[in-house]
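S.K.: give me a 3D structure for the following:
(one chain, ligands or ions: 1)
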Amino acid sequence: MKYGVFFLCLLSVAIMAASPSAVRGKNGMVASRSALASTVGMEIMKKGGNAIDAAVATGFALAVTYPSAGNIGGGGFMVVRLANGKVETLDFREVAPAAASRDMYLDGEGNVVKGLSTRSHKAIGVPGSVDGLLEVLSKHGSLSRQEVLAPAIKLARDGFVLNEDLAEQFKNQHRFMKQYPASMAQFSKDGVPFVAGDLWKQPDLANTLERIAKEGRDGFYKGKTADLIVAEMKNSGGLISHEDLANYRSKWRAPVKGTYRDHTIWTMPPPSSGGVLLVQMLNMLEPHKIGEMGYGSAAVVHLMIEAQRRAYADRAEHLGDPDYYKVPVEMLTSKEYARKRFADMDPEKASDSDLIGAGEVPAESMETTHYSVMDARGNAVACTTTLNHGYGSRIVASGAGFLLNNEMDDFSVKANTFNSYRLLGGVANEIQPGKRMLSSMTPTIITRDDLVVLVTGSPGGSTIINTVFQVVLNVVDHKMDLSDAVALPRFHSQWKPNRVVFEPHCFSPDTLSILKLKGHKELTEARWRLGDANSIVFKDGYLWGMSDPRNTGGASGY
Ligand code: DON
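M.R.: Predicted structure coming up:
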């Protein structure tokens, strides 16, 4: 009984932290999908760390407290804005193992083998998260590796009390995990589901994190952790070798930079498609008076769908890993290209996805998580990280205590065949050894007059880009407070399939009927929530942090 009350108290603290309203702070702010992880980041800043230290500590903490997408067995992207105004991006996306090949997911007749790129050891790309987090820490952090990893190690070693959200998620995963004993050992009590209030400890993960704290990247990409990953592969047909792990390197890349009205957009370049598409869509909308036309009006929604149709068509044709395929980033993000690409947009009539195709460019040329961090010095981090699907491949590396991704499905496994987000692709995104699979992750920082005004991003597969697009329009054009900008219902369309999916209450009945009259097809209410845009704005001298109320999470500031 005494313990029951104790756990209930802890649980209610966790629930109270998941406030639907924005949290206000002066000195530092973290917004993430896990209240515990946000608090870890905030405490690091209170100790004197900067936003980069806090982002790294939050990233490792999420690997413990939000295993669906927080990870050390996956990858991600980070946009970092430093107090001196410089913006850099870090690509820690997974890569295809050296033994991967273009047709590795096809059978003898050239058909896609169902599940091979999502639910098998062959689905796993070489993880990038550990290298990425350590790289940004050593370049821009101010605290030691041991200091930023300590809270995550403690949460894994001593455990934390499961809330309803996580207990329910674990139970739902059992049907996918039951063939993997190490996964069941970690996510159940000998096969019996955890319930809210249980203390959840992850000793193997604590040991792996300790090796990383002690040895740096070698604690993951070499030695015992690498041996455990490779053993997991060898036992079950996976491709990742010791060489793949030792060779993995995250990469600093110049941000995609755009302007929208009087704001500057700093976002992720390829191998994510997110930044290019976001800037492209904003460019298409800029000549239109979006604010005056009004939030949720059929006229604005029509323009947005038409922009989405064209941008996603370009994604399928032109976007891939820039180290393997020449992506015309400058051209796709130019105002001139947007003007031409949108010239055939008819304000009265939906265009036909089958006729839109990709824009001409000259020859020369099911879970993720996003967290935002800012400090009072003007440092800001937007980071989106993932295992791809929720809980990735569902395969825990036996003895190492962490889940491995199923990111290989983000490649185009066969030309013009839908992947699990119903995205199409071709040569630009075909599988090659060492190549990064195309992403939609869109971590974004927006500045105005050299001040950070918005830090945002989201999970949601192909819907990510549109979630960020809508948060940006809500803040810049519709002048919403952060809580409304994040909370209000969203919609998604992506060229093909030619349909518009929307959250409940997104469109009024008359907006819906006008959209139908204009010729938009398959307007369907979504059966799931679109995105989880944990964001921060700086306004009226305060940092405002918002954990997306669609899910249990938390913002922590001081
Ligand atoms: O990189 C990508 O675009 C995908 N792997 C992201 C997956 C995702 O967002 C799933 N979350 N809901």
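
S.K.: the residue of the stretch 51-200 of the chain at minimum distance from the ligand - nearest residue in space that isn't next to it in sequence?
M.R.: Closest residue of the stretch 51-200 of the chain to the ligand, CB to the nearest ligand atom: residue 69 (6.8 Å). C-beta coordinates here come from the backbone N, C-alpha and C atoms, glycine included. Spatial nearest neighbour of residue 69, excluding adjacent residues (CB to CB, 6 or more residues apart in numbering): residue 369 at 3.9 Å.

S.K.: show me what contacts that neighbour?
M.R.: Going by CB atoms under 8 Å, 6 or more residues apart in numbering, residue 369 touches 32-33, 62, 66, 68-70, 384-386, 459, 532, 534.

S.K.: where are the low-confidence patches of the chain?
M.R.: Counting by pLDDT under 70, the chain contains low-confidence residues at 1-20, 360-366.

S.K.: quick one on the thing from earlier: closest to residue 79 out of the contacts of residue 369?
M.R.: Residue 79 has its nearest neighbour among these in residue 384, at 9.2 Å by CB to CB.

S.K.: secondary structure of that closest one: a strand, I assume?
M.R.: Yes. According to DSSP: H, G, I helix; E, B strand; the rest coil, the state of residue 384 is that of a strand.

S.K.: that one: neighbour count?
M.R.: When counting by other CB atoms under 10 Å, one arrives at 32 neighbours for residue 384.

S.K.: ok, residue 289 next?
M.R.: 11.

S.K.: any idea how far it is from residue 484?
M.R.: Distance, residue 289 to residue 484, using CB to CB, to the nearest Å: 20 Å.

S.K.: show me where the stretch 301-450 of the chain has strands.
M.R.: Counting by DSSP state E, counting those that start in this stretch, the stretch 301-450 of the chain has strands at residues 367-375, 380-388, 395-396, 403-404, 444-448.

S.K.: and the ones you listed: which comes nearest the ligand?
M.R.: Per CB to the nearest ligand atom, nearest to the ligand of the strands of the stretch 301-450 of the chain: strand 367-375, 3.1 Å.

S.K.: how about CSV for the strands of the stretch 301-450 of the chain, with distance to residue 183 added?
M.R.: Converted to CSV, those look like this (distance: least, CB to CB, whole Å):
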stretch, distance to residue 183
strand 367-375, 15
strand 380-388, 12
strand 395-396, 4
strand 403-404, 7
strand 444-448, 33
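
S.K.: now distance to the ligand too, for these, in TSV please.
M.R.: TSV is the format used below for those (distance: least, CB to the nearest ligand atom, whole Å):
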stretch	distance to the ligand
strand 367-375	3
strand 380-388	4
strand 395-396	16
strand 403-404	14
strand 444-448	14
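
S.K.: isn't residue 318 right up against residue 332?
M.R.: Yes. Taking contacts as CB atoms under 8 Å, residue 318 lies within contact range of residue 332: 6.6 Å.

S.K.: could you export the biggest helix by length in the chain as PDB, CA atoms only?
M.R.: Counting by DSSP state H, the longest helix found in the chain is helix 298-318. This file holds the C-alpha atoms of helix 298-318, laid out as PDB (Å, rounded to 0.1, in the frame of the first residue of the first chain):
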ATOM      1  CA  ALA A 298     -10.400  26.500 -47.900                       C
ATOM      2  CA  ALA A 299      -8.300  29.000 -49.900                       C
ATOM      3  CA  VAL A 300      -5.200  28.600 -47.700                       C
ATOM      4  CA  VAL A 301      -5.600  24.800 -47.400                       C
ATOM      5  CA  HIS A 302      -5.900  24.500 -51.200                       C
ATOM      6  CA  LEU A 303      -2.700  26.400 -51.700                       C
ATOM      7  CA  MET A 304      -1.000  24.300 -49.100                       C
ATOM      8  CA  ILE A 305      -2.100  21.000 -50.700                       C
ATOM      9  CA  GLU A 306      -1.000  22.200 -54.100                       C
ATOM     10  CA  ALA A 307       2.400  23.100 -52.700                       C
ATOM     11  CA  GLN A 308       2.700  19.700 -51.000                       C
ATOM     12  CA  ARG A 309       1.800  17.900 -54.200                       C
ATOM     13  CA  ARG A 310       4.600  19.500 -56.100                       C
ATOM     14  CA  ALA A 311       7.200  19.300 -53.400                       C
ATOM     15  CA  TYR A 312       6.600  15.600 -52.700                       C
ATOM     16  CA  ALA A 313       6.700  14.800 -56.400                       C
ATOM     17  CA  ASP A 314      10.100  16.400 -56.500                       C
ATOM     18  CA  ARG A 315      11.200  14.400 -53.500                       C
ATOM     19  CA  ALA A 316      10.500  11.100 -55.200                       C
ATOM     20  CA  GLU A 317      12.600  12.100 -58.200                       C
ATOM     21  CA  HIS A 318      15.400  14.300 -57.000                       C
END
